[in-house]
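In: can you look at this prediction? I've put the sequence above it.
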Amino acid sequence: MAGVGKTRYNRRMNGSLSTIRDELLSGLNEPQRQAVSHTEGPLLILAGPGSGKTRVVTRRAAYLAATVTKPWHILAITFTNKAASEMRERIESLDVAEGMTVSTFHALCARLLRRYHEQVNLPRNFTIFDQADRRKVVKKAIEACDLSTTNWSPAGIEPVISRAKNELLRPRAFAETAIDFHSKTVARIYEQYDRMMRQMAGLDFDDLLMHIALLLTEDTEVREELEDRFRYVLIDEYQDTNAAQYRIARRLADGHRNICATGDPDQSIYGWRGADISNILNFEKDYPEAKVVRLEQNYRSTGRILSAAGSLIGCNTERKDKRLWTENEPGPDVRVIECESSDEEADRIAQDIGKQQRSGLKLSETAVLYRVNSLSRSIEERFIREGLPYQIARGVAFYNRKEIKDVLAYLRVLVNPADDVSLTRIINTPPRGIGQTTVQRLVASAEGVGQSLHSVVTGGGDLTALGRSAGKVGEFGKMLVQLASVMEQPVHDALEYVVKHSGLRALYSSMDDGDDAPINNINELVSAAVEFESQNEGATIGDWLEHTALLGDVDSVRDDSGMITLMTLHAAKGLEFDNVYIIGLEEGLIPFVRGHEDGDEEEERRLMFVGMTRARRGLVLLHARYRMMRGITERTIRSSFLDELPHDEVQWSAERTVVSPRRSRSVDHGTLPDDVEQWEVGTLVEHERYGIGRIMSIHRGHRRTHVEVMFRDGSRHRWVLEFAALKRVAFEDVGDL
């Protein structure tokens with residue numbers, strides 16, 4: 001592919017250099033031209049939403065290739081496969097920059113680890129574990145440490161290990177930071193987890209980044225080789241980089257300092273998974289000689305949408321000064337609709353979309369956004385009743401279906417025989433009479449002789465201790481050897497062979513569930529493999545497995561689907577629609593309460609800003625007075641973010657003429673307890689319904705105070721304290737919790 005790219009590049013460069021430069025700068029405004037034509041030294045592009053950022057990044061990459069370097073010396077990194085694909089297509093359409101590397105961080109690191117696997121003590125055929133399989137290994141690591149998975153839950157341990165890796169702490173380094181019983185225990189689990197993953201030649205998503213970040217730090221030869229290869233580094237969405245990604249970007253540009261960071265602090269929305277907004281805020285400290293270009297003209301949204309979004313984000317303090325403006329028409333008012341319940345919220349949206357559809361609205365240009373996936377239920381039910389077609393941006397959900405994971409597990413074992421997680425999944429799928437007891441004996445046998453489970457199963461170990469099951473295990477091992485013989489065939493041919501000869505096609509063909517039948521999903525998987533193969537000449541099964549492992553939610557969204565799109569606010573990043581509905585504008589949802597740490601409210605405001613600026617023409621914000629969450633219908637408080645909108649430029653829903661007996665028409669601002677200054681984590685409180693509980697977290701926000709309380713029955717509830725009907729109680733009045 002690189003050779004083809006160079007041929008086309010050389011053919012294109014036979015034209016006039018000045019003509020090529022003029023073409024690449026044509027149609028750009030002045031700040032965009034400055035960003036594209038800057039060729040030496042660090043560059044920070046502060047790009048507001050809808051300001052033509054992707055156009056600037058792709059033109060800049062092409063401009064560099066046409067003027068100062070070769071395309072294969074350029075590295076462009078972004079965060080989603082969808083964004084990388086769009087960027088790659090745009091660059092190829094310019095016919096001047098083929099051959100450069102355009103990738104996500106994780107895909108780049110996976111590719112580099114295949115090349116430099118020996119330097120990090122990994123086999124080249126390592127497996128990338130998804131979250132579900134990673135959690136299984138964490139669970140096994142906890143059990144191997146003789147700990148209870150009830151007291152030390154995998155779901156609780158997993159993010160701690162993830163944070164350690166994002167901070168580039170290997171197990172030993174993490175253990176050195178442990179100062180109490182909890183952190184020392186987690187360090188033991190982390191060490192055991194790392195040992196198990198290495199035995200299986202497995203990597204999780206955090207490993208991909210950590211290994212390359214540390215390799216670039218510790219191996220001068222590799223760093224210099226990659227610095228020479230990637231002489232110009234372009235990082236998109238720089239505000240979303242975590243510590244490991246930041247280290248990778250800096251190390252790749254250490255020598256030449258030709259780094260271009262593009263992003264917007266106002267759209268930094270991934271702090272909860274390690275993104276550090278200070279990376280972009282401090283770019284000029286890292287690179288004092290950097291040129292800074294601000295892209296402030298918005299080409300996407302109407303004036304009123306931009307005004308409302310600008311008013312909201314202006315309440316943040318952690319940001320770079322930037323004034324968004326547009327020459328677009330003012331457009332219709334932003335609407336805020338108050339509903340009685342989530343059902344009415346869904347009704348109002350369905351009615352509004354139906355009305356606009358009759359006026360020529362394209363459903364594919366409409367999106368409903370929400371903070372948490374559970375809010376989609378009432379919307380889905382209403383759309384089904386109304387016959388409104390929709391798609392949900394949960395791309396990884398397809399790959400989490402049992403039948404799909406079964407197929408992929410076979411392939412993972414055939415590519416990486418050390419993958420015991422996948423092997424134990426398929427050893428009795430389809431059912432072949434190999435029970436859990438037999439599997440446990442096999443695992444013990446493999447550990448006893450120091451061999452892999454795959455080696456024992458395929459003939460490298462003594463199976464006589466298995467009794468009658470020995471023959472069944474032996475037959476399974478022979479089948480694996482037979483299946484492995486086709487791994488060098490084209491991707492879809494190998495996939496079809498494995499699906500058929502493993503017995504999975506026969507198994508799932510017998511299960512009829514209409515349009516959602518498992519065999520239909522397997523056929524769709526084969527189609528996906530064919531499509532991947534057509535776009536990646538010479539790709540192997542290993543390449544395809546890597547591709548599927550790195551997919552994200554937004555990768556499943558079809559722009560031409562003819563359907564309404566339902567997705568979380570996070571998944572909507574980078575997309576745009578004519579009409580956007582954002583639901584659940586209530587305290588605790590938007591802004592979301594996660595046991596609040598300082599800074600969360602600003603990130604939640606940035607997330608809301610991202611959602612609002614996805615809209616081109618119509619923006620509707622909805623909130624409900626009552627909402628059922630976790631099976632309990634509770635009164636809500638409308639989001640404080642609504643108070644930050646320009647009141648005169650927003651259309652507010654009219655007051656109802658019928659007042660529910662459950663509420664008063666007057667506005668209730670709530671009241672804090674008189675002794676609120678004494679409330680802290682650990683304070684005992686009483687609720688008339690749930691009884692005595694202990695405060696697990698408390699956050700005193702700009703307008704509201706949020707508390708999370710755990711009660712005697714183990715349940716946890718989150719409230720806005722002003723409306724929580726809680727009272728503080730003394731310890732001596734309570735007894736043991």
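Out: Cool, the structure landed.

In: contacts, neighbours, all on C-alpha from now
Out: Fine.

In: name the residues of whatever helix or strand Ser378 lives in that are buried.
Out: Using DSSP states H and E, Ser378 sits within helix 376-386. Neighbour counts over helix 376-386 (16 or more other CA atoms under 10 Å) mark Ser376, Ser378, Ile379, Glu380, Arg382, Phe383 as buried.

In: kindly reformat these as CSV containing pLDDT and distance to Glu604.
Out: Converted to CSV, those look like this (pLDDT from 0 to 100; distance: CA to CA, whole Å):
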residue, pLDDT, distance to Glu604
Ser376, 90, 19
Ser378, 91, 23
Ile379, 94, 23
Glu380, 92, 25
Arg382, 93, 28
Phe383, 93, 28
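
In: for stretch 511-521, what is the average pLDDT?
Out: In this model, stretch 511-521 has a mean pLDDT of 74.

In: do stretch 308-328 as well
Out: 92.

In: tell me how far it is from the chain's mean position?
Out: 25 Å (CA atoms, centre = their mean, to the nearest Å).

In: please, where are all the helices along the stretch 451-600 of the chain?
Out: Remark: helices assigned in the stretch 451-600 of the chain by DSSP state H, counting those that start in this stretch are 453-455, 469-484, 491-501, 504-509, 518-535, 541-549, 600-612.

In: redo the buried residues of helix 376-386 as TSV? Include distance to Tyr287.
Out: Shown next, in TSV, are the buried residues of helix 376-386 (distance: CA to CA, whole Å):
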residue	distance to Tyr287
Ser376	44
Ser378	49
Ile379	48
Glu380	49
Arg382	53
Phe383	51
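
In: find the residue at the geometric middle of this structure.
Out: Most central in the chain under CA atoms, centre = their mean is Gly552, positioned 6.1 Å from the mean C-alpha point.

In: my read: that one touches Thr104, true?
Out: No. Using CA atoms under 8 Å, Gly552 is not in contact with Thr104, being 11.3 Å away.

In: spit out the residues that contact the two alike.
Out: Thr80, Asn81 (CA atoms under 8 Å, 6 or more residues apart in numbering).

In: low-scoring stretches of the stretch 51-200 of the chain, by residue?
Out: Applying pLDDT under 70 to the stretch 51-200 of the chain picks out residues 97.

In: correction: the previous question concerned the stretch 401-550 of the chain.
Out: 460-461, 512-516.

In: mind running it again at 50?
Out: Scanning the stretch 401-550 of the chain for pLDDT under 50 picks out nothing.

In: neighbours of the nearest residue to Arg134 once chain neighbours are set aside, how many?
Out: Once flanking residues are discounted, Arg134 sits nearest to Asp204: 6.7 Å by CA to CA, 6 or more residues apart in numbering. If you count neighbours by other CA atoms under 10 Å, Asp204 ends up with 17.

In: next up, the contacts around Asp204.
Out: Ile128, Phe129, Asp130, Gln131, Arg134.

In: pull out the buried members of the residues you listed.
Out: Buried, going by 16+ other CA under 10 Å: Ile128, Phe129, Asp130, Arg134, out of those.

In: okay, and the last one sits in which element?
Out: It refers to Arg134. helix 131-144.

In: quick check: next helix or strand after that helix?
Out: helix 154-166.

In: show me what the next helix or strand along the chain from that following helix is packed up against.
Out: Once the chain leaves helix 154-166, the next helix or strand it forms, by DSSP H and E, is helix 171-177. Using 3 or more CA pairs under 8 Å, 6 or more residues apart in numbering; DSSP states H and E as the contact criterion, the elements in contact with helix 171-177 are helix 181-199.

In: contact partners of the helix it packs on?
Out: Contacts for helix 181-199 (CA under 8 Å, 6+ apart): 122, 137-138, 140-142, 144-145, 157, 160-161, 171-172, 174-175, 178, 203, 418.

In: what do you get if the cut-off is 6 Å, keeping everything else the same?
Out: Val138, Ala141, Ile142, Pro171, Ala175, Ala178 (CA atoms under 6 Å, 6 or more residues apart in numbering).

In: contacts only, for the third one.
Out: Contacts here follow CA under 6 Å, 6+ apart; on that basis Ile142 touches Ile189.

In: one more time with 10 Å
Out: 136, 148-149, 152-154, 157, 185-186, 188-190, 192-193 (CA atoms under 10 Å, 6 or more residues apart in numbering).

In: now Leu75: how far from Ser103?
Out: The spacing between Leu75 and Ser103, counted by CA to CA, to the nearest Å, is 8 Å.

In: okay, buried residues for the helix or strand encompassing Ala62 please.
Out: Here Ala62 sits within helix 53-67, counting by DSSP H and E. Within helix 53-67, the residues scored as buried using 16+ other CA under 10 Å are 53-54, 56-66.
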